[in-house]
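A.B. asks: Take this sequence and fold it.
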Amino acid sequence: MASSEAANRVAETQVLIVGAGPVGLTLALDLGRRGVRCLLIERNETSIQLPKMERCNARTMEIYRQLGIAEQVRDAGLPRDAPMDVFLALSMAGPVLAHLPYPSVAQAKAEIAARNDGGLLEPYQIISQYTIEPLLRSIVEKLPSATVRFGCELISFEQDADAVSAVVQPLRGAPYTVRASYLVGCDGGSSAVRKQLGIRLEGDGNIRKLRQALFRCDDLYGRIPIGKGRHYHIAEGPLFPFLILQDSTRHWTVHAAASSDAEMAQIFKQSLGMPIPFEMLSVNEWTQHLLCAEHYGDGRVFIVGDAAHLVIPTGGLGMNTGVGDAVDLSWKLAATLAGWGGPQLLASYDAERRPIGVRNVKASRAAMTGRLGWRAAYRPNIAEDTPEGTATRTRMAALFDTEQRKVTEISGVEAGYRYVDSPIVWAESGDGPDPDNPSYVPTTWPGARLPHVWLKDGSALHDHLGPNYTLLCLGATHSSTASLQECFRDLRAPLDVLEIADQKAREIYDCDLLLVRPDLHVVWRGNRLPEDVARLALIATGRI
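C.D. replies: I've put the predicted structure just below:
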């Protein structure tokens with residue numbers, strides 16, 4: 001394991017996090033807010049300089065709202081009034097074959113404020129990875145219990161019954177040992193943590209190689225003839241360039257299966273369809289994968305984000321799934337370290353999140369298959385002013401209108417997931433709602449995310465829930481909850497009781513009592529406490 005030199009220098013922490021991308025930083029943020037001492041190491045000297053991910057979906061923004069940073073993320077991202085439209089066109093100058101309009105963040109927020117049907121609380125946000133990483137880092141570095149060290153690489157680790165010992169090599173200086181209660185690998189698709197654990201990836205790897213180029217074009221956004229949006233698919237086979245607006249509105253990425261880096265500049269120029277100056281800043285080759293780890297950890301070591309699952313970016317389920325992993329694991333680590341979390345609490349991380357990883361790999365595959373479907377309708381006559389050319393454009397547009405929605409209209413995949421057969425969720429008889437529905441349908445079925453409700457005073461019920469378990473008492477219920485409170489006290493587990501005398505909340509939640517976890521997923525629901533209330537407390541805290 002460690003060299004004698006490394007063994008002589010030992011640092012101690014509660015959680016060692018490897019990898020300071022958005023997922024690792026989110027994990028550190030949630031742990032730090034809970035008072036858990038964590039050390040976050042990153043082998044690179046600086047935050048990423050490439051766009052990579054470019055969208056926080058609705059569920060991620062809800063999580064960031066719960067962490068108190070949603071508006072900071074929005075302030076750093078694409079302006080709130082920017083449309084989110086998606087186009088299929090022969091070039092950025094037109095003509096347009098298909099146009100899918102989507103509301104700006106400002107419009108989406110207004111729509112959310114105007115309805116109270118249990119839908120989502122936050123809309124999406126366009127923000128490039130090279131923007132969100134420094135933002136999250138600046139927030140985490142202000143937390144007294146979190147330490148962030150860039151230019152530090154994990155070399156190896158061993159674990160015993162009590163802790164994990166990891167050897168860390170700084171870019172400059174001698175290696176040293178970190179002794180931690182737990183280690184979490186947020187270190188990407190080539191995860192050193194996953195590889196040392198010997199965890200295999202299952203699915204389809206090395207599907208296709210593409211190039212991503214980053215361009216600066218200051219005048220383009222204000223001059224697009226076909227209209228402002230965020231995605232522009234160019235109907236020019238066989239490469240089908242895909243142009244993506246970045247958060248500054250001055251930068252764009254292009255994805256295409258080009259044969260060389262230099263070809264990417266020519267592809268971008270042709271895709272513009274009009275003379276306009278631009279600068280190509282970088283080109284990187286990347287490979288499509290549809291893979292999920294056979295399990296998400298071993299003993300005191302866990303993997304999160306791309307270390308655990310690799311999806312094709314179509315649908316934007318990569319980083320966003322990782323953020324879901326992080327907030328599932330963080331409160332369970334905090335509870336276990338605090339002494340009240342039972343052995344099933346950390347074990348439930350794999351039981352809950354791996355099925356979501358598998359599900360999202362499947363959804364990413366469906367989205368990519370749909371994209372390939374409309375592209376297959378391409379014919380070289382697509383630009384011709386002939387009946388045949390018109391037929392090609394019509395056919396491709398119709399397929400795009402159907403298949404592209406599998407990429408952009410998947411709120412159920414993003415936020416409607418439910419932890420089926422979780423050991424820390426109360427089992428309810430029946431099959432329950434479809435956990436794979438691409439459309440979001442509000443439900444309080446145990447394991448689901450608590451639906452959003454506006455209260456009579458105009459506040460969101462979600463905003464009244466703190467970092468602990470919450471027992472929601474709704475409507476005019478007179479059922480005593482003292483026995484459950486006593487059980488939680490005996491277990492030293494934190495439970496808040498929140499009485500909400502709001503008929504709309506009672507109507508949407510369809511029951512008088514709800515036990516909600518720290519991550520806003522429902523543990524149990526009913527009109528009165530179960531007879532075996534002690535069992536409910538034991539299940540919720542991972543002791544059965």
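A.B. asks: Spell out the residue ranges of the helices in the stretch 301-450 of the chain.
C.D. replies: For the stretch 301-450 of the chain, helices defined by DSSP state H, counting those that start in this stretch occupy the ranges 318-338, 343-375, 387-403, 405-408, 411-415.
A.B. asks: do you know which of these lies nearest Asp532?
C.D. replies: Between Asp532 and the helices of the stretch 301-450 of the chain, the shortest gap by Cβ to Cβ is with helix 343-375, which sits at 16.9 Å. For glycine as for every other residue, the C-beta is placed from the backbone atoms N, C-alpha and C.
A.B. asks: buried sites along the closest one?
C.D. replies: With burial defined by 16 or more other Cβ atoms under 10 Å, the residues of helix 343-375 counted as buried are 344-346, 348-357, 359-368, 370-371, 374-375.
A.B. asks: before we move on, the earlier item: mind putting the helices of the stretch 301-450 of the chain in JSON lines, distance to Gly430 and mean pLDDT included?
C.D. replies: As requested, those are exported to JSON lines (distance: least, Cβ to Cβ, whole Å; pLDDT from 0 to 100):
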{"stretch": "helix 318-338", "distance to Gly430": "24", "mean pLDDT": "98"}
{"stretch": "helix 343-375", "distance to Gly430": "19", "mean pLDDT": "95"}
{"stretch": "helix 387-403", "distance to Gly430": "33", "mean pLDDT": "97"}
{"stretch": "helix 405-408", "distance to Gly430": "28", "mean pLDDT": "90"}
{"stretch": "helix 411-415", "distance to Gly430": "19", "mean pLDDT": "95"}
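A.B. asks: now the ones you listed in CSV, with distance to Leu31?
C.D. replies: Below are the helices of the stretch 301-450 of the chain laid out as CSV (distance: least, Cβ to Cβ, whole Å):
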stretch, distance to Leu31
helix 318-338, 5
helix 343-375, 14
helix 387-403, 40
helix 405-408, 33
helix 411-415, 23
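A.B. asks: tell me the contacts of the most centrally placed residue in the chain?
C.D. replies: For the chain, the residue lying nearest the average C-alpha position, counting by Cα atoms, centre = their mean, turns out to be Asn320 (1.3 Å). For Asn320, the contact set (Cβ atoms under 8 Å, 6 or more residues apart in numbering) comprises 53, 55-57, 59-60, 414.
A.B. asks: mind listing which of those are in strands?
C.D. replies: By the criterion of DSSP state E, membership of the contacts of Asn320 in strands covers 55-56.
A.B. asks: from the contacts of Asn320, which single one is nearest Ser282?
C.D. replies: Minimum distance to Ser282 across the contacts of Asn320 is 15.8 Å, recorded for Met53 (Cβ to Cβ).
A.B. asks: Am I right that the closest one is in contact with Gln129?
C.D. replies: Yes - counting by Cβ atoms under 8 Å, Met53 does reach Gln129; the two are 4.8 Å apart.
A.B. asks: need the contact list for the nearest residue to Leu345 once chain neighbours are set aside.
C.D. replies: In space, Leu345 comes closest to Gly542 once its chain neighbours are excluded; the distance is 3.0 Å by Cβ to Cβ, 6 or more residues apart in numbering. Contact criterion Cβ under 8 Å, 6+ apart gives 332, 335, 341-348, 423-424 as the residues in contact with Gly542.
A.B. asks: what about this protein, any weak spots by pLDDT?
C.D. replies: Low-confidence segments of the chain, defined by pLDDT under 70, span residues 1-8, 476-478.
A.B. asks: again, 50 this time
C.D. replies: 1-4 (pLDDT under 50).
A.B. asks: Show me which parts of stretch 446-465 are buried, residue by residue.
C.D. replies: 446-455, 460-462, 465.
A.B. asks: now do stretch 537-544
C.D. replies: Of the residues in stretch 537-544, those buried by neighbour count under the rule 16+ other Cβ under 10 Å are 537-543.
A.B. asks: Now do the shared contacts for Met53 and Gln129.
C.D. replies: Among the neighbours of Met53, those also in contact with Gln129 (Cβ under 8 Å, 6+ apart) are 22, 319.
A.B. asks: on that earlier part again, which two from the contacts of Gly542 end up farthest apart in space?
C.D. replies: Ala335 and Pro423 (14.2 Å).
A.B. asks: So if I had to pick from the two, which one is more boxed in?
C.D. replies: Counting neighbours by other Cβ atoms under 10 Å for Ala335 and for Pro423 shows that Ala335 has the greater number, 23 against 17.
A.B. asks: The residue nearest to Leu345 falls within a helix, correct?
C.D. replies: No - Gly542 is assigned coil when assessed by DSSP: H, G, I helix; E, B strand; the rest coil, not a helix.
A.B. asks: how close does it get to Arg33?
C.D. replies: In this structure, Gly542 lies at 21 Å from Arg33, with Cβ to Cβ, to the nearest Å as the measure.
A.B. asks: and if you look at Glu54?
C.D. replies: Taken as Cβ to Cβ, the spacing of Glu54 relative to Arg33 amounts to 26 Å.
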